[in-house]
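# pasting the structure only:
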């Protein structure tokens, strides 16, 4: 029973994701599509617009057979760590292939790039180091090295976000899971970061922006997402009265930073090189979350890196809670359909880590972070609803 | 130049406080009345209804010549520690006497009680210990001992809050400042904890309750407070749109407790005997601050003791920041009138601790707590206003 893994965030699930699932099923010739999805907080250091349970439902209706959760400790990390966590988890879950979107839709450029970098790893490391000490951010420093090595021309432009992520997957597969077959399909239209919806295949960024700015879902949004995503977005809003956005967490974050000691701030994951002072000093004058971000931002730190720090502050995740170099020690199933249940029954004796379907009655320390993250995520809705929404964490998986 | 010290909270300043100042001036025959006042958080573990700066203005208009601040580290503590901090600070500030309100208006019963307890200190300690191990709260345990020793009959009933506080002052004077002359005046009407306003002399509790419940100041309130208090209450509300109440901090507190580790909660001041588990376990189900309090409350812990813990959680005040056994290492002047300025000029060479008038450019660690406490206090108003209100901490004293 062959399965194909997809690494996703579905924030929210849209027509492009639907296309990705359909294509992945075709090119992998798999009977089971397994989506590993970030939970309530995402790789770019943002709260998801609706919670992981509602996003899981949309994904299952969109054709995923099983949705498993990428633990917080891998999800809210840079692309390499994110990819390592996702690939290792999919590997433990027994997938035969992984399929991701790229600009060209061909694997060869990825393999070539991997080979080039592998063969010049010493030069790569030295160039990267030089660029970093020149004050560049990590992605900018890496892109500059790719340029030097000729990896921003031709079929694989490693300055494009999707190619960077794809390349991280390929590296992780080579290093941790060489039996997984990497597959890629060409992306349809719309850039990763497009800010406005343009037709029926639109970026998640543009869809979120339109929804959050108008606090409603207009025809453009309807046109870009499957009807079930619309239902889940609406259902979440009906229950909690909100769609999540970083600004809603600003009062909590500001309060928190203003009452933390410098030492406590230093202990938060991702806080390095004196950033604790910069974050605290700018807190008093910040008038909004975005204003605060602008006050902290320098060439050296990417926007997403600072956002990830804020998520770690929000969830009180400390440096000594970083399990990112460990491989996943459990697999959490968020939801599945009949096909997924069959896959699970067929394979369940082969897994070397426990399969869990809720965080009730488990004691793994990674799950303590998960619980805290979920509570932090819901902290901006009324107490009564927080309790109700949190109960989803304690129930079994979503079955459709 | 004789001065008389008053230990106050002025939450808010009312006609009874006005009477207290006038009487203190008479019985002490002093030219200068010095009020030592809790800052933004109070002895009973509550946020003050308006900030310390607006309460200082009301106090100066009500006849206090100087208002100095009782540091957070003494203010949000049980009555003995509160009294020790206040008496030691007043002593360093050179007061000749201290005048407090009591049920009888006579000092003799206090001296007799002090003597009785002093002479039976071993018996007292043993009885107290027995009562505590029977699961009584500290005040209940102490009251039971007073009863056994015959100290709840006659002129000094040590089950009455005002007498308990007064007795703490007397003990602190005997132990730390025997040159200060203790004076007492009889309280007018209204019990400390009266919940409804009854005439022109009403308890601060009843005045606050009426203001917060109706979110306005009706005729009863007008009747119980001087016009300047009315102005300060109104002015504060005009600037910030709120009067402070614990419920407003509930979302922050709940978020904070739900994202703290048990170890972090254990490190918060006042958290003992496994209370950290009780506080965290009840957090998820609490629907309001009062609901949460009821869920935590047992016979062993008084309401105010639990409230003080919540204030320490809110301000992130840890056990190792407890300076309560140290004597005050600075005196902070919040405000004064001409008379107060003369007193200060006359005495300033005699003080053995620095006199400060703002927290700008000072590095004392007690002031770091003060800064954090003030930021936590304002954390429930919009960011822009927080910044504006906080600036009061950096300005010189209020002069009228």
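Perfect, thanks for sending it. Since this is a predicted model, take the numbers as computed values, not measurements.
# what sits up against the lowest-mean-pLDDT helix or strand in chain A?
Lowest on mean pLDDT, DSSP states H and E among the helices and strands of chain A sits helix A:138-148, with a mean of 80. Contacts to helix A:138-148, defined as CB atoms under 8 Å, 6 or more residues apart in numbering or on different chains, come from residues A:78, A:113, A:124, A:127-128, A:131-132, A:134, A:136, A:152, A:158-159, A:164, A:299, A:302, A:305. For glycine as for every other residue, the C-beta is placed from the backbone atoms N, C-alpha and C.
# Buried among those residues? Need that as a selection in ChimeraX.
Written as a ChimeraX command, the selection of buried residues from these, which uses 16 or more other CB atoms under 10 Å in any protein chain shown, is:
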select /A:78,113,124,127,128,131,132,136,152,158,164,302,305
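# among the contacts of helix A:138-148, which two are most distant?
Of all pairs drawn from these, the widest gap by CB to CB lies between A:113 and A:299 and measures 25.6 Å.
# quick one on the thing from earlier: what about chain B: which of the contacts of helix A:138-148 touch it?
With the criterion set as CB under 8 Å from any CB of the partner chain, no member of the contacts of helix A:138-148 is near chain B.
# Looking at the contacts of helix A:138-148, which is nearest residue A:258?
Among those, and counting by CB to CB, the member closest to residue A:258 is residue A:305, at 21.9 Å.
# For the closest one, give its distance to residue A:76.
Taking CB to CB, to the nearest Å as the measure, residue A:305 falls 11 Å from residue A:76.
# what residues are shared contacts of these two?
Shared contacts of residue A:305 and residue A:76 (CB under 8 Å, 6+ apart): residue A:45.
# Spatially, what comes nearest to residue A:261 if we skip its sequence neighbours?
residue B:316 (7.6 Å; CB to CB, 6 or more residues apart in numbering or on different chains).
# quick one, what contacts the one you found?
By CB under 8 Å, 6+ apart, residue B:316 lies in contact with A:259-261, A:264, B:268, B:372, B:376.
# what comes up buried for stretch A:19-32?
Neighbour-count burial for stretch A:19-32, with 16+ other CB under 10 Å as criterion, is recorded at A:19-21, A:23-25, A:28, A:30, A:32.
# Take the residues you listed and keep only those in strands.
If you go by DSSP state E, these have residue A:32 in strands.
# In helices, which of the buried residues of stretch A:19-32 fall?
A:19-21, A:23-25, A:28 (DSSP state H).
# Tell me which two of the contacts of residue B:316 sit farthest apart.
Largest separation among those by CB to CB: A:264 and B:376, giving 14.3 Å.
# Around chain B, pick out the residues from the stretch 201-350 of chain A.
Contacts of the stretch 201-350 of chain A with chain B, taken as CB under 8 Å from any CB, map to A:250-252, A:254-256, A:258-261, A:264, A:284-288, A:314-316.
# Mind doing that once more with 7 Å?
Neighbours of chain B within the stretch 201-350 of chain A, by CB under 7 Å from any CB of the partner chain: A:252, A:254-255, A:258-260, A:284-287, A:315-316.
# In PyMOL, select just the buried ones from these.
Entered in PyMOL, the line below selects the buried ones among those, by 16+ other CB under 10 Å:
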select buried, chain A and resi 252+254+255+258+259+260+286+315+316
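# how near is residue A:20 to residue A:97?
Counting by CB to CB, the gap from residue A:20 to residue A:97 is 14 Å.
# actually residue A:175, sorry about that
According to CB to CB, residue A:175 stands 17 Å off from residue A:97.
# Which residue of the two possesses the greater neighbour count?
Counted by other CB atoms under 10 Å in any protein chain shown, residue A:175 and residue A:97 do not tie: residue A:97 has more neighbours, with 21 against 13.
# now the stretch 301-400 of chain A, which segments are flagged as low pLDDT?
In the predicted model, the stretch 301-400 of chain A carries pLDDT under 70 at residues A:323-325.
# let me redo that: the stretch 101-250 of chain A
Applying pLDDT under 70 to the stretch 101-250 of chain A picks out residues A:153-155, A:189-195.
# roughly how far apart are the closest residue to chain B within it and residue B:255?
Closest approach between the stretch 101-250 of chain A and chain B, counting by CB to the nearest CB: residue A:250, at 7.3 Å. For residue A:250, the distance to residue B:255 (CB to CB) stands at 13 Å.
# one step back: narrow the contacts of residue B:316 to those that are buried.
Looks like these have A:259-260, A:264, B:268, B:372, B:376 buried, using 16+ other CB under 10 Å.
# In strands only, show me these.
Assigned to strands by DSSP E, none of those qualify.
# As TSV, those with distance to residue B:388 would be great.
Shown next, in TSV, are those (distance: CB to CB, whole Å):
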residue	distance to residue B:388
A:259	19
A:260	22
A:264	26
B:268	29
B:372	18
B:376	16
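# What are the buried residues along the least confident helix or strand of chain A?
For helix A:138-148, a neighbour-count test (16+ other CB under 10 Å) marks A:138-146 as buried.
# who touches the following helix or strand past it?
Per DSSP states H and E, the first helix or strand lying C-terminal to helix A:138-148 is helix A:161-176. Here helix A:161-176 makes contact (CB atoms under 7 Å, 6 or more residues apart in numbering or on different chains) with A:7, A:79-80, A:83-84, A:87-88, A:91, A:98, A:100-103, A:110, A:113-114, A:156-158, A:180, A:182, A:184, A:187, A:192-193.
# Any chance of a PyMOL selection covering the buried ones in the residues you listed?
In PyMOL, a selection of the buried entries from the contacts of helix A:161-176 looks like this (16+ other CB under 10 Å):
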select buried, chain A and resi 7+79+80+83+84+87+88+91+98+100+101+102+103+110+113+114+156+157+158+180+182+184+187
